[in-house]
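Fold the following.
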Amino acid sequence: MADSQVRETSTRVRLDEIREAARAVMARAVSLRADLEQLDALSDELDPNAPGPAPPDPIARPFGDPESTAAFVLTLDAINFGSGWFPLLVKRPGLSGYFTVATALREHFDRNGPWSAPELCRLEAGQLARVLGQAEAPEAVQELLELFALALRDLGRWLLEAHAGRFLSPVERARGSAERLAESVSEMPLFRDLARYGELRVPFYKRAQILAADLALAFEGQGPGAFRDLDRLTVFADNLVPHVLRCLGALHYAPELADRIEAGQEIPSGSRAEIEIRAAAVFAGERIAARARARGRTLTEAAVDRWLWTRGQHPEIKARPRHRTRSTFY
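Residues are numbered from 1 along each chain as shown. Sure thing, here's the model as predicted:
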């Protein structure tokens, strides 16, 4: 599998460009529309402190030293994709695809410590299958494991070539800027989350952005987790956040797209519909947060994302089919 989205050598990441592109896509969208009144109602009702319940994220529990904590966050976020394959994963009881992978990786780190950069460079899919509990998974999951191995080898080489093999080095070089960190990790091709929509350049940089948010969570906003521009992050456009917005009546899909999703048909990466779905999530997050600020409430788009993502763990949301795309971006 190769993403059909644009592959550029540029690593430029500008958070405002993500928002601008999402607005431009929504102005032309044909596969869905946003219900602005419902988005405003969600903004008025949304309590970012009460979205639960959800399983505790393994990222939220730091290790004994900052380098190991950074190693876990970077390693996990390097493989924080694959939702298009998740229905085929061998999942742990009661856990989603993400939590299955994150929990297995955390247990491996607890037992053995982090992989070093040279060890990452040597990782193969078979080893990851054992670590992640996927030795008995269907053959199709092998494709995802190969991509995980590729992503981790990329991470190892990047750390060795640009950061002397240290996991904290890219965080230190970002100098407290989430935007700068996102641009740095996007030197790795599988982080370079960019699409073309007609003549529009449409960046999302979901995993590159979420890295700073995860570091802030792991370090409780201190030291390597202190980012002065964390409030400028956009919604992390994946397949769950727009699904929750649809379930809550804030997004309405065209009948053809809705039928494809309900039937479990894959929505190709980089297709018009897939770009519109992800752009709608970014657009909605910006609208909800802006409405809250206009009414004197402090609400970031990342907090909106966290609330929606956690709401997506509820059984009634999980029971309804969401779009599936085989992509290295989410």
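
helices or strands up against the strand or helix carrying Trp309?
Assigned by DSSP states H and E, Trp309 belongs to helix 301-311. Secondary-structure packing of helix 301-311 (3 or more C-beta pairs under 8 Å, 6 or more residues apart in numbering; DSSP states H and E): helix 241-247, helix 272-294. From N, CA and C alone the C-beta is placed, and that goes for glycine too.

Name the residues that touch the shortest one?
Where contact means C-beta atoms under 8 Å, 6 or more residues apart in numbering, the residues beyond helix 241-247 that reach it are 235, 251-253, 277-278, 280-281, 284-285, 305, 308-309, 311-312, 316-317, 320, 322-323.

hmm, 6 Å instead?
Contact partners of helix 241-247, identified using C-beta atoms under 6 Å, 6 or more residues apart in numbering, comprise 235, 251, 277, 280-281, 284, 305, 308-309, 311-312, 317, 322.

follow-up on the earlier one: chain center to the helix holding Trp309, what's the gap?
On the basis of C-alpha atoms, centre = their mean, to the nearest Å, helix 301-311 sits 12 Å off its chain's mean C-alpha point.

Can I get that helix in CSV? Just the C-alpha atoms.
Extracted C-alpha coordinates of helix 301-311, given in CSV (Å, rounded to 0.1, in the frame of the first residue of the first chain):
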residue,chain,number,x,y,z
GLU,A,301,-9.0,23.1,19.2
ALA,A,302,-6.8,20.3,20.7
ALA,A,303,-9.2,20.2,23.7
VAL,A,304,-12.1,19.9,21.3
ASP,A,305,-10.3,17.0,19.6
ARG,A,306,-9.6,15.3,22.9
TRP,A,307,-13.3,15.6,23.9
LEU,A,308,-14.5,14.3,20.6
TRP,A,309,-11.9,11.5,20.4
THR,A,310,-12.8,10.4,24.0
ARG,A,311,-16.5,10.6,23.2
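
just to revisit the earlier point, most neighbours among the contacts of helix 241-247, please name it.
Using other C-beta atoms under 10 Å as the neighbour test, those are led by Val235, with 33 neighbours.

which residues sit in contact with the nearest residue in space to it that is not next to it in sequence?
Among residues not flanking Val235 along the chain, Gly285 sits closest, at 3.2 Å (C-beta to C-beta, 6 or more residues apart in numbering). When the contact criterion is C-beta under 6 Å, 6+ apart, the partners of Gly285 are Val235, Glu301, Val304.

mind showing which ranges of this protein have poor pLDDT?
Counting by pLDDT under 70, the chain has low-confidence residues at 1-11, 50-54.

how about the strands in it?
Here the chain has its strands, by DSSP state E, at 32-34, 194-197, 200-203, 251-253.

Make JSON lines from those strands and add distance to Val244 to it.
JSON lines is the format used below for the strands of the chain (distance: least, C-beta to C-beta, whole Å):
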{"stretch": "strand 32-34", "distance to Val244": "14"}
{"stretch": "strand 194-197", "distance to Val244": "22"}
{"stretch": "strand 200-203", "distance to Val244": "21"}
{"stretch": "strand 251-253", "distance to Val244": "9"}
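
wait, which of those is closest to Glu139?
Across the strands of the chain, Glu139 has its closest neighbour in strand 194-197 (29.1 Å, C-beta to C-beta).

before we move on, the earlier item: run through who's touching the helix holding Trp309.
With contact meaning C-beta under 6 Å, 6+ apart, helix 301-311 is reached by 46, 48, 51, 54, 213, 233-236, 240-241, 244, 285, 288-289.

Buried among those residues? Make that a ChimeraX selection.
The ChimeraX selection below is limited to those of the contacts of helix 301-311 classed as buried (16 or more other C-beta atoms under 10 Å):
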select :46,48,51,213,233,234,235,236,240,241,244,285,288,289
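
Looking at the contacts of helix 301-311, which is nearest Ala117?
Ala213 (23.4 Å).

Now for that closest one: which residues touch it?
By C-beta under 6 Å, 6+ apart, the neighbours of Ala213 are Ala302.

Let's see stretch 268-287 as PDB, backbone CA atoms only.
Extracted C-alpha coordinates of stretch 268-287, given in PDB (Å, rounded to 0.1, in the frame of the first residue of the first chain):
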ATOM      1  CA  PRO A 268      -9.100   5.700  -0.700                       C
ATOM      2  CA  SER A 269      -6.400   7.900   0.800                       C
ATOM      3  CA  GLY A 270      -6.200  11.200  -1.100                       C
ATOM      4  CA  SER A 271      -9.600  10.900  -2.700                       C
ATOM      5  CA  ARG A 272     -11.900  13.800  -2.800                       C
ATOM      6  CA  ALA A 273     -14.300  12.300  -0.200                       C
ATOM      7  CA  GLU A 274     -11.400  11.400   2.200                       C
ATOM      8  CA  ILE A 275      -9.900  14.900   2.000                       C
ATOM      9  CA  GLU A 276     -13.300  16.500   2.600                       C
ATOM     10  CA  ILE A 277     -14.000  14.300   5.700                       C
ATOM     11  CA  ARG A 278     -10.600  15.300   7.300                       C
ATOM     12  CA  ALA A 279     -11.000  19.000   6.300                       C
ATOM     13  CA  ALA A 280     -14.500  19.000   7.900                       C
ATOM     14  CA  ALA A 281     -12.900  17.800  11.200                       C
ATOM     15  CA  VAL A 282     -10.400  20.700  11.200                       C
ATOM     16  CA  PHE A 283     -13.100  23.200  10.100                       C
ATOM     17  CA  ALA A 284     -15.400  22.000  12.900                       C
ATOM     18  CA  GLY A 285     -12.800  22.200  15.600                       C
ATOM     19  CA  GLU A 286     -11.900  25.700  14.600                       C
ATOM     20  CA  ARG A 287     -15.500  26.800  14.600                       C
END
